[in-house]
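>>> can you look at this prediction? I've put the sequence above it.
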Amino acid sequence: MANIIFPTNQISLEHRKPGHAGNLTESQTASLKTMWARLLQLFTQSGQEIVLADPTKEKPVKKGFFGAKKEDPHHNYFLGANSDPRWSSLPLEKALPLIPGSLLRESFWGLVANNNPDSTLLRFLRARKWDLDASFNMLANTLRWRLEMRSNEIVSLGETGLIHELEKAKPGLGVAFKNQLDLKMVTLGGPDKQARGVCFVNVQIHHKDNQPLEIMKLLTLYIVETSRVICDYPMDTVCIVFNLENFTMANMDFETVKFLVECFQAYYPETLGLACVHKAPWVFSTIWNLITPLLDPVVASKIVFTKNLEELEKFIDSDGLPVIITGDPNKPSLDDLPMSRLPKAGTKQVSLSIPCVNQYWDIVADYELTTEKWANEPVATNLQQDLLDRLGFAQQYRVSRIKAEKVIRGETSYHVKGLIRIDENDRLFVCYNTNTWSEKDITDWV
């Protein structure tokens, strides 16, 4: 592993990357203040009455052979089911005023989750090269997209709860989602040599016609939202390995690839640190020519190709790789191990009557009030102290969120297997079970 300097309980401005929380110029701080002011103002809008799509209308169908009708595989049954269709169909400038500010607020704090709230806004500012209007529009577009995708509910339901809700939405949908999880087409593990969490995409397992596109979107969202628990300072990006061993054209799913690219470029900016395309066969070169036009130059610059295990191990140690890549069943990764039990089901709506949840939202309200005041003041003359104060405030927020995490976030297989663990003292631990990373308490890392 590279010489990573992990944080201590003592907050410091040392070893922080330019343009990130704790290392901002006066101009960058001013931009962050403006972003906060505009965002908090957005939360106050009333919006319009929500008009849901009529679920009794006939489901879209496509014509099959000899004129026979079959269900449209692109139709969503869970995604978008509780949001106004106008929010996603209209251009942002027309859709945004329709959305109640209270929902945008919930969407935003779900986006922040355990992270430093300033760091969340800074991702959008950096992605749009500190252009305030472009950054704010990107963030606002993400918030409305998260409402359509039901991202907060995917998190609160957890793995088992989501399976149950999908089955309610359409019989067989939950089974299809569970099947994808069991097949381990997409898994979490690592770390890589920059201490980042790794998402492994085992393409040989995937066959486009075996499940609807909605399942692949849900699987992507489930994995990305889970990975964000381990994607924070100082490892504020993730690594993705596209394992193309045994790949054939039957495994290609261009629509799923487009959705994944869109997620990282439009809705989770500054999150991808490295993408390894592993063991790509010659037939993949034709597909790659179709994919490259979709890629932002910044994203494209983070892609490397590895031909064999030796080349991949330049980026990830062998004990952080799953058996499907190493081929060694005697050295399973943490995710290769079986679960001792099923993850506990969460809920769609998290009750405010639960003390830790109520306390968390009190901290959020306090954070908003203090930040609103801070945002409307000139940049402090003692900028270093101001940066330290913001980090300290973020740490208070993070600790409060983690205390409520067991309720706000439904369990996943990664909780059951111990990759993610919150102990009886509400401390958040991450364990990859490798030589370089056994278990670390990351509760106070901001």
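Noted; the coordinates are in hand.
>>> the helices in the stretch 251-400 of the chain, which residues?
254-262, 284-291, 297-300, 309-312, 323-326, 355-375, 383-408 (DSSP state H, counting those that start in this stretch).
>>> ok, the stretch 1-150 of the chain next?
Using DSSP H, counting those that start in this stretch, the helices of the stretch 1-150 of the chain run over 26-42, 85-89, 92-95, 101-112, 117-127, 132-149.
>>> before we move on, the earlier item: for the helices of the stretch 251-400 of the chain, which one sits closest to N152?
Of all the helices of the stretch 251-400 of the chain, helix 383-408 sits nearest to N152, with 8.8 Å by Cβ to Cβ. C-betas here are computed from N, CA, C, even on glycine.
>>> what does the next helix-or-strand element following that closest one rub up against?
Once the chain leaves helix 383-408, the next helix or strand it forms, by DSSP states H and E, is helix 413-416. Identification of contacts with helix 413-416 by Cβ atoms under 8 Å, 6 or more residues apart in numbering yields E159, L181, L188, T226, D335, M339, S340, R341, L342, P343, I420, R421.
>>> what's the farthest-apart pair in the residues you listed?
L181 and R421 (19.8 Å).
>>> which strand or helix spans T220?
Per DSSP H and E, T220 falls inside helix 213-227.
>>> what about that helix, average pLDDT?
When pLDDT is averaged along helix 213-227, the result is 97.
>>> can you name every helix or strand that that helix contacts?
Using 3 or more Cβ pairs under 8 Å, 6 or more residues apart in numbering; DSSP states H and E, the elements in contact with helix 213-227 are helix 151-169, helix 173-183, strand 186-189, strand 198-202, helix 254-262.
>>> in PyMOL, how would I select just the buried ones from the contacts of helix 413-416?
Remark: buried members of the contacts of helix 413-416, expressed as a PyMOL selection using 16 or more other Cβ atoms under 10 Å:
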select buried, resi 159+181+188+226+335+343+420+421
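>>> quick one: least confident of the contacts of helix 413-416?
The member of the contacts of helix 413-416 with the lowest pLDDT is D335, at 92.
>>> next up, the contacts around it.
K184, T187, L188, G189, P322, S413, Y414, K417, L419.
>>> test my guess that the fifth one contacts S333.
Yes. Checked against Cβ atoms under 8 Å, the pair P322 and S333 is within contact range at 4.7 Å.
>>> what do the two both touch?
With Cβ under 8 Å, 6+ apart as the test, P322 and S333 both reach G189.
>>> more neighbours: these two, which one.
Taking other Cβ atoms under 10 Å, P322 and S333 do not tie; S333 has more neighbours (25 against 21).
>>> quick check: that one vs C431, distance?
S333 is 12 Å from C431, where distance means Cβ to Cβ, to the nearest Å.
>>> same check, this time on C239
Separation of C239 from C431 (Cβ to Cβ) stands at 18 Å.
>>> likewise E159?
Distance of E159 to C431, given as Cβ to Cβ: 18 Å.
>>> and for N114?
Here N114 is placed at a distance of 16 Å from C431 (Cβ to Cβ).
>>> which one of the two is surrounded by more residues?
Remark: of N114 and C431, N114 carries more neighbours, 22 against 15, as counted by other Cβ under 10 Å.
>>> correct me, but that one touches R398?
Yes. Here N114 reaches R398: they are 5.8 Å apart, a contact under Cβ under 8 Å.
>>> for this structure, what helix or strand is lowest in average pLDDT?
strand 61-63 (a mean of 58; mean pLDDT, DSSP states H and E).
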